[in-house]
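Engineer: Sequence first, predicted coordinates after that:
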Amino acid sequence: MRIARLRAVGGEGAGEFHRLEGGLAIPMRGGGPPRAFDPADLLAPVTPTKIVAVARNYRDHARELGNEPPATPLFFLKPPSSVVGPGEPIRLPPWSAEVHHEAELAAVVGRRLRNVSPERVREGLLGFTCLNDVTARDVQRSEKHFTRSKGADSFCPVGPWIETELPAGEIAVECRVDGEVRQRGAASEMIFPIERLVAFVSEVMTLEPGDVISTGTPAGVGPLRAGQTVEVEITGIGVLRNPVVA
């Protein structure tokens, strides 16, 4: 099942959660009849209290940046203010000259999780979505910390919706810039699988409904320029597309 957050009828900034089915947006909880689904109405499908992003979870990506793969999951936080939805612009800040894309598969929490075991993780997830962990790479290199380099407004595109189940078989993670493939990897290449990551994070902090755990990016990260369009596509979910502006 696909769950989307759409602009409310008559409310430009308000959002409502809908189930997408056969070209219709069906309200999740009351509130009127189904309506025709218009992709232009899509908002970010989550309103998280926090985004937990995992670093260096693909060996090739760790090594392309000169790092060794970690022995335990390495994670950091992106602020909720960094979230934008499909079609919304990624804004290049004036204080960075090298902003990169990072295509990622993300898990969305469905109920409160604390000290959950890997075997019980899937019971607490609402589903999965696409995420772009946009990064000011020059700032990251100079500061050796992730907060400013990954926390700017618009540095966390998410969407286009939440898919409650991933398909069986290989899950490809791909990034394209103006149609050119920049990144292509598979979820099977992760050092730490989704269940291990969510369980590990839940040992440290309580995960609330709507929180997002992003699972790391494959090799091939590269620069974004104003005027380009970046796409993140994940098997069984769809395509997250965002323009890049100065």
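Structural biologist: Perfect, I can see it now.
Engineer: Kindly format the C-alpha coordinates of stretch 228-246 as CSV.
Structural biologist: Output in CSV follows, covering the C-alpha atoms of stretch 228-246 (Å, rounded to 0.1, in the frame of the first residue of the first chain):
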residue,chain,number,x,y,z
GLN,A,228,19.8,20.6,-12.6
THR,A,229,17.2,18.1,-11.6
VAL,A,230,18.1,15.2,-9.3
GLU,A,231,16.2,11.9,-9.1
VAL,A,232,16.3,9.1,-6.5
GLU,A,233,14.7,5.9,-7.6
ILE,A,234,14.2,2.8,-5.5
THR,A,235,12.8,-0.5,-6.6
GLY,A,236,9.2,-0.9,-5.5
ILE,A,237,8.8,2.6,-4.2
GLY,A,238,9.1,5.1,-7.1
VAL,A,239,11.0,8.3,-8.1
LEU,A,240,11.8,11.3,-5.9
ARG,A,241,12.5,14.2,-8.2
ASN,A,242,13.8,17.7,-7.1
PRO,A,243,15.1,20.7,-9.0
VAL,A,244,18.3,22.4,-7.8
VAL,A,245,18.3,26.2,-7.4
ALA,A,246,20.9,28.8,-6.2
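Engineer: centre of the chain versus that stretch, how much separation?
Structural biologist: 11 Å (C-alpha atoms, centre = their mean, to the nearest Å).
Engineer: list the buried ones in it?
Structural biologist: 228, 230-235, 237-238, 240-242, 244 (16 or more other C-beta atoms under 10 Å). The way it works is simple: take the backbone N, C-alpha and C, and place the C-beta from them, glycine included.
Engineer: now, which of these lie within strands?
Structural biologist: Taking DSSP state E as the definition of strands, the buried residues of stretch 228-246 contribute V230, E231, V232, E233, I234, G238, L240, R241, N242, V244.
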